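Peer 1: I would like the atomic coordinates for the input below:
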Amino acid sequence: MSTFQLIMFVASAYFAFRIYQHIQSLNNHDIGSNQADDGVILQISEGEDLVDQADEEFAKGDLKKALELLEMANSSNRYDPYILFKLGFVLDKLDRSDEALRYLNDAIEVDSSSVPPLNVIASIYRKRGDFESAREYLIRSIELDNANKFTFYNYGNLLVDMELYDEAKSAYARALEIDPSFSEASSELEKLTRSSVEKIDEDS
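Peer 2: I've put the predicted structure just below:
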C-alpha cells in the first residue's frame, strides 16, 4: 500500500465522521424554524453535492475537474475543514504544493484536532526533503491520535529516510501493536531487522 493510499484510507474515516456530524445537525435542527436556517442547510447540501462530484472526478483521474468542483464548494462553505483538506490534497496531487499547504493549514486552523491534514503536510515536506518539518507534523498527528497505525507507518518511513533506523523500528512496531495484521509495517520492520543482523555479521 502506497503512502498515497494510506493517507486516503485515513482521510476516509475523517470524511465519514464529517458526514455523520452533518446528519446529526440536521436531525437536531428544526428545518422549518426560519428562512435563514433553511438557506444555511441548502448551502451545506449543495456543497456536499459538489464534493461528491469532485470525488467522482478524482476517482476517474480528472484532477483538474475535481479541483474546480472543490473550489466551487469552498466558495459557498469557506470555513469547512473537510473541503479545505480535499482542496489541499488535490492540489498536492497536481504538484501545486505551495497552494496545497495553504489550504491544509487553513483546515488545521479551523479544526485543530484533525489528523489527515497534518499527515498530508508531512508527506509534502518529506517529498521536498524537509525531513525535520515532516517529522514535526507527524509528531503533532501522533499527539492527537496515538492509535493510528497509518501515521506510525508513515513516521517509520520518514525515519528510515532520516537514517534513524532504531526509531523507525519502534514506529513500525507501534503500528503492529495497533494492528498485528498490518502487513506493510511488518514487511518494513523485517527489512530493518534483517539489515541490522547483516551489519552485525559484517562487523564481527
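
Peer 1: For residue 129, give me its contacts.
Peer 2: Not one residue lies near residue 129 by C-beta atoms under 8 Å, 6 or more residues apart in numbering. (Each C-beta comes from the backbone N, C-alpha and C, glycine too.)

Peer 1: so what's it scoring on pLDDT?
Peer 2: You'll see residue 129 listed with a pLDDT of 96.

Peer 1: Quick check: it vs residue 153, distance?
Peer 2: Counting by C-beta to C-beta, to the nearest Å, the gap from residue 129 to residue 153 is 20 Å.

Peer 1: Pick out the residue closest to the middle of the chain.
Peer 2: Central residue of the chain (C-alpha atoms, centre = their mean): residue 116, 2.7 Å from the mean position.

Peer 1: For that one, give me the pLDDT.
Peer 2: Note on residue 116: pLDDT of 91.

Peer 1: can you check residue 2 too?
Peer 2: For residue 2, the predicted pLDDT is 51.

Peer 1: Take the helix or strand harbouring residue 166, keep the C-alpha atoms, and write them as PDB.
Peer 2: Element membership for residue 166, per DSSP states H and E: helix 165-178. What follows is helix 165-178, C-alpha atoms only, in PDB (Å, rounded to 0.1, in the frame of the first residue of the first chain):
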ATOM      1  CA  TYR A 165      16.700   3.100  12.000                       C
ATOM      2  CA  ASP A 166      16.100   2.200  15.600                       C
ATOM      3  CA  GLU A 167      13.400   4.800  15.900                       C
ATOM      4  CA  ALA A 168      11.900   3.600  12.700                       C
ATOM      5  CA  LYS A 169      11.700   0.100  14.100                       C
ATOM      6  CA  SER A 170       9.900   1.500  17.100                       C
ATOM      7  CA  ALA A 171       7.400   3.300  14.900                       C
ATOM      8  CA  TYR A 172       6.700   0.200  12.800                       C
ATOM      9  CA  ALA A 173       6.400  -1.900  16.000                       C
ATOM     10  CA  ARG A 174       3.900   0.500  17.300                       C
ATOM     11  CA  ALA A 175       1.900   0.300  14.100                       C
ATOM     12  CA  LEU A 176       1.900  -3.500  14.600                       C
ATOM     13  CA  GLU A 177       0.800  -3.200  18.200                       C
ATOM     14  CA  ILE A 178      -2.200  -1.300  17.000                       C
END
